[in-house]
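Colleague: sequence-free structure coming up:
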């Protein structure tokens, strides 16, 4: 995974993984079901209970329909049977990234269409309405935005609004 460009952190136990998950911001977790101490499904449950919705891909050499169902019911995103090929894991991770991108895009589009956001101001002037439309367009993107203007013109307000509307 590291050679494929992913940042990877390893944990020797479920307890160590739980501590890292509580501190860090992770996009995905590859987790064996059989672990010393707490098993992988219990780690998944505790992670979900804490409000962390990181994608879990459960991995096991002891494939059974019951463990697969239990893992998926606990909130696993995917399930892989060992021995897993590198290409398979990389493919599943790319699918997760695509799904995450679609979810972020969907959330941004829903906010644009439904206006599900707190309005900072109710703009009346054409210039401010144009600025509000521009904020709505750039906020859901991954682009860097440069805001310029004289002191006291509301650059900080616009920056905060872009931040609040961004994924």
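Modeller: Nice, thanks for sending it over. On a predicted model such as this, the values are computed, not experimentally measured, just so you know.
Colleague: going by C-alpha atoms from here, please, whenever you check contacts or count neighbours.
Modeller: Noted.
Colleague: does residue 11 touch residue 17 like I think?
Modeller: Yes - at 5.3 Å, residue 11 counts as touching residue 17 under the criterion of C-alpha atoms under 8 Å.
Colleague: who has more neighbours, those two?
Modeller: residue 17 (19 against 12; other C-alpha atoms under 10 Å).
Colleague: the protein: helices as residue ranges?
Modeller: Remark: helices assigned in the chain by DSSP state H are 14-23, 40-49, 65-74, 86-114, 126-138, 155-165.
Colleague: most packed of those?
Modeller: Mean neighbour count (mean count of other C-alpha atoms under 10 Å) peaks for helix 40-49 among the helices of the chain, with a mean of 19.
Colleague: got a list of contacts for that helix?
Modeller: 14-15, 18, 21, 31-34, 53, 56, 58, 70-71, 74-76 (C-alpha atoms under 8 Å, 6 or more residues apart in numbering).
Colleague: the residue nearest the centre of the chain and residue 4, how far apart?
Modeller: With distances taken as C-alpha atoms, centre = their mean, residue 27 lies nearest the centre of the chain, 5.5 Å away. Computed as C-alpha to C-alpha, to the nearest Å, the residue 27 to residue 4 distance reads 15 Å.
Colleague: ok so, going back, now render the helices of the chain as JSON lines, adding distance to residue 144 and mean pLDDT.
Modeller: Shown next, in JSON lines, are the helices of the chain (distance: least, C-alpha to C-alpha, whole Å; pLDDT from 0 to 100):
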{"stretch": "helix 14-23", "distance to residue 144": "26", "mean pLDDT": "91"}
{"stretch": "helix 40-49", "distance to residue 144": "32", "mean pLDDT": "92"}
{"stretch": "helix 65-74", "distance to residue 144": "37", "mean pLDDT": "85"}
{"stretch": "helix 86-114", "distance to residue 144": "17", "mean pLDDT": "86"}
{"stretch": "helix 126-138", "distance to residue 144": "9", "mean pLDDT": "88"}
{"stretch": "helix 155-165", "distance to residue 144": "11", "mean pLDDT": "88"}
